[in-house]
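A.B. asks: Here is the input, now give the coordinates:
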Amino acid sequence: MAVIVLRHTRPAGHEGLCYGRSDLALGPDFEAEAAAILAGLPAVAAVRSSPLTRCLRLAERIGAARGLEVAIDPRLAELDFGAWEGRAWAEIPRGELDAWAADFHGARPHGGETVDELAARVAVALAEAAPGTLWVAHAGIARAAAALLSRAGGWETRLDFGRWLDLRRR
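C.D. replies: Residues are numbered from 1 along each chain as shown. The predicted structure is shown next:
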């Protein structure tokens with residue numbers, strides 16, 4: 001049931017923005033980043049993708065190169081940050097950020113989705129994942145999957161753009 005989670009490449013215009021569900025354009029280095037990912041990515045049996053462009057275009061590139069169909073899975077979309085979407089982090093009221101920090105899993109000061117809700121949808125997707133599946137997704141999805149699979153660091157997992165987290169059982 002465990003997967004490899006690949007974080008999308010660096011999107012255009014993301015610096016300093018809260019952009020969970022925002023559908024940002026591909027970054028200017030997409031082609032080079034995608035080629036580097038393909039050169040090092042382990043073999044996979046299936047490809048599932050977040051519906052957001054920054055993931056889907058990369059998943060399609062991988063699927064085409066590996067002869068695999070790409071399935072879009074809305075459960076792999078990033079956290080919905082509600083009213084914070086597209087806003088600069090520096091412009092979000094400190095009180096709202098503090099409320100989220102005080103109840104990281106259950107608060108929704110932005111009016112969007114809670115971290116617990118994100119984790120619940122990732123848990124269902126994990127339970128249904130076939131062995132050798134690649135998820136082309138987001139940092140929040142990688143963190144949730146790591147936490148659900150009791151990996152060290154779980155929610156604190158850091159995953160750079162274009163990097164993957166191998167969560168297959170060994």
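A.B. asks: Report the contact partners of the spatially most central residue of the chain.
C.D. replies: Taking C-alpha atoms, centre = their mean as the criterion, residue 138 is the residue nearest the geometric centre of the chain, at 1.3 Å. Neighbour list for residue 138: 7-8, 20, 50, 52, 55, 76-79 [criterion: C-beta atoms under 8 Å, 6 or more residues apart in numbering]. From N, CA and C alone the C-beta is placed, and that goes for glycine too.
A.B. asks: Inside helices: which ones of the residues you listed?
C.D. replies: When these are checked against helices using DSSP state H, the ones located there are residue 55.
A.B. asks: Mind putting the contacts of residue 138 into JSON lines with neighbour count?
C.D. replies: Formatted as JSON lines, the contacts of residue 138 follow (neighbours: other C-beta atoms under 10 Å):
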{"residue": "7", "neighbour count": "25"}
{"residue": "8", "neighbour count": "28"}
{"residue": "20", "neighbour count": "22"}
{"residue": "50", "neighbour count": "24"}
{"residue": "52", "neighbour count": "24"}
{"residue": "55", "neighbour count": "29"}
{"residue": "76", "neighbour count": "26"}
{"residue": "77", "neighbour count": "23"}
{"residue": "78", "neighbour count": "21"}
{"residue": "79", "neighbour count": "24"}
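A.B. asks: then stretch 108-127 to CSV, C-alphas only?
C.D. replies: The C-alpha atoms that make up stretch 108-127 are tabulated as CSV, following Å, rounded to 0.1, in the frame of the first residue of the first chain:
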residue,chain,number,x,y,z
ARG,A,108,-9.1,26.4,10.0
PRO,A,109,-8.7,30.1,10.5
HIS,A,110,-8.5,30.5,6.7
GLY,A,111,-11.9,28.8,6.2
GLY,A,112,-10.5,26.1,4.0
GLU,A,113,-9.5,22.6,5.0
THR,A,114,-8.0,21.3,8.2
VAL,A,115,-4.8,19.3,8.3
ASP,A,116,-6.9,16.4,9.8
GLU,A,117,-9.2,16.5,6.7
LEU,A,118,-6.2,16.4,4.4
ALA,A,119,-4.8,13.4,6.4
ALA,A,120,-8.2,11.6,6.2
ARG,A,121,-8.2,11.8,2.4
VAL,A,122,-4.6,10.8,2.1
ALA,A,123,-5.3,7.8,4.4
VAL,A,124,-8.0,6.6,2.1
ALA,A,125,-5.7,7.0,-1.0
LEU,A,126,-2.9,5.1,0.8
ALA,A,127,-5.3,2.2,1.6
